[in-house]
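K.L.:
Here is my input; please provide its structure:
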Amino acid sequence: MKYLLWFVVLVSFMLGGSLWAQPTENENPVGVSERVAGPFDDFLKYPVKSLLIKASTSGCGGGATQQIEYRRLGRKFVLKDSYERIYGITVYDGGDSVVKNWPTRHPTFSADELETLLRDFNEHYDQAVSWNQFVITDADLDKMRDALSDWDFAFDCSRCDPASRQWARDTILQISDSLLTSILMVPSSPACTSTSELTIQLTNSHGEKLVFECYDGDCRTGTAPYMMPIKINQKTQDIYSSYVPFMQFIATLMPKDMITHEKFTTHELLCKVARQLLK
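P.N.:
Numbers count the residues shown, from 1 in each chain. Now for the predicted structure:
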């Protein structure tokens, strides 16, 4: 009976419209319309010339913006610039603080790799997320189970007793790709005094821009893994994507201490799914 109840909860979650519901005033909007074939077709007619990754956080105590920019040089992209700007009352002297040229892990990367990813992204922007896209160990599952006992999870999980946490640990990898995608595409609800954003901007040789935006309105663990849902800015309508490979690639370019980089972890992924399973 216990497992039947949980099954009913999962099915009702999928059928209740939470994935594609109209957003409330406090939600980051997620919607769906008729599938768009090749949303980047026009942009990809010209080679990509630059890639900009910008991460920011803001709250009542101030905020910070970090940015790295790559420019194309032949068949590779080379790091052109990087900086961090801290502003607000968090700066002791009362003014802004700017730090230039903080280190990145990959000062160059292959233009072919980026172009291949973008072509696949263009065709499969709405592909289902699969556990096969991640490397998950028993240690990862144990860490997730143990984290579920924290007050952070008790706040919005109705079942955080030891038996329920162990059930989540033992069964989480058995859920379908469609349910996994549904859970990950539910935006985080504002539940914190600070918010974080990630913007990825590509510019082609024709001067056209392709922009992806990601938002996290929650400062708790397991709210926006891989910064999904990914909002694709389009001229006629915004599209929301669940394309993980591109975000995994972006994570390799981000310095480990860059804002939002902590969201690109298996732990964040497992914790968001577990939050839904134990509600």
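K.L.:
which stretches of the stretch 51-200 of the chain have low pLDDT?
P.N.:
88-105, 151-157 (pLDDT under 70).
K.L.:
switch to 90 and redo it
P.N.:
58-64, 80-107, 147-162, 187-194 (pLDDT under 90).
K.L.:
Show the contacting residues for the residue most central in space within the chain.
P.N.:
Nearest residue to the geometric centre of the chain (C-alpha atoms, centre = their mean): Met227, 0.9 Å. If you count contacts by C-beta atoms under 8 Å, 6 or more residues apart in numbering, Met227 has them with 198, 214-216, 247, 260, 263-264. Bear in mind the C-beta positions are built from the backbone N, C-alpha and C, glycine included.
K.L.:
want to throw these into CSV with neighbour count and distance to Asp140?
P.N.:
Below are these laid out as CSV (neighbours: other C-beta atoms under 10 Å; distance: C-beta to C-beta, whole Å):
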residue, neighbour count, distance to Asp140
Leu198, 25, 23
Cys214, 24, 23
Tyr215, 21, 25
Asp216, 24, 21
Met247, 22, 18
Thr260, 21, 20
Lys263, 25, 16
Phe264, 20, 14
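K.L.:
Which ones among those residues map onto strands?
P.N.:
Those of these mapping onto strands are 198, 214-216, per DSSP state E.
K.L.:
Make JSON lines from the contacts of Met227 and add distance to Ala55 to it.
P.N.:
As requested, the contacts of Met227 are exported to JSON lines (distance: C-beta to C-beta, whole Å):
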{"residue": "Leu198", "distance to Ala55": "5"}
{"residue": "Cys214", "distance to Ala55": "9"}
{"residue": "Tyr215", "distance to Ala55": "11"}
{"residue": "Asp216", "distance to Ala55": "10"}
{"residue": "Met247", "distance to Ala55": "13"}
{"residue": "Thr260", "distance to Ala55": "5"}
{"residue": "Lys263", "distance to Ala55": "10"}
{"residue": "Phe264", "distance to Ala55": "11"}
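K.L.:
just the residues you listed now: which is nearest Met185?
P.N.:
Cys214 (11.9 Å; C-beta to C-beta).
K.L.:
before we move on, the earlier item: could you single out the nearest of the ones in strands among the contacts of Met227 to Ile183?
P.N.:
Nearest member of those to Ile183, counting by C-beta to C-beta, is Asp216, at 15.4 Å.
K.L.:
Who is the closest one paired with across the strands?
P.N.:
Ser196 (DSSP bridges).
K.L.:
if I pick it, what's in contact with it?
P.N.:
188, 195-197, 223-224, 227, 260, 263.
K.L.:
rerun at 10 Å
P.N.:
Neighbouring residues of Asp216 by C-beta atoms under 10 Å, 6 or more residues apart in numbering: 28, 57, 187-188, 190, 192, 194-198, 223-225, 227, 259-260, 263.
K.L.:
Buried subset of the residues you listed as a ChimeraX selection?
P.N.:
The buried subset of those, as determined by 16 or more other C-beta atoms under 10 Å, is captured in ChimeraX by this line:
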select :28,57,187,188,195,196,197,198,223,224,225,227,259,260,263
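K.L.:
got the residue ranges for the helices in the stretch 101-250 of the chain?
P.N.:
111-123, 138-147, 151-154, 162-171, 177-184, 244-253 (DSSP state H, counting those that start in this stretch).
K.L.:
got those helices as CSV, with distance to Leu73 columns?
P.N.:
Shown next, in CSV, are these (distance: least, C-beta to C-beta, whole Å):
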stretch, distance to Leu73
helix 111-123, 9
helix 138-147, 38
helix 151-154, 45
helix 162-171, 47
helix 177-184, 35
helix 244-253, 16
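K.L.:
Of all the ones you listed, which one is nearest Val48?
P.N.:
helix 111-123 (6.4 Å).
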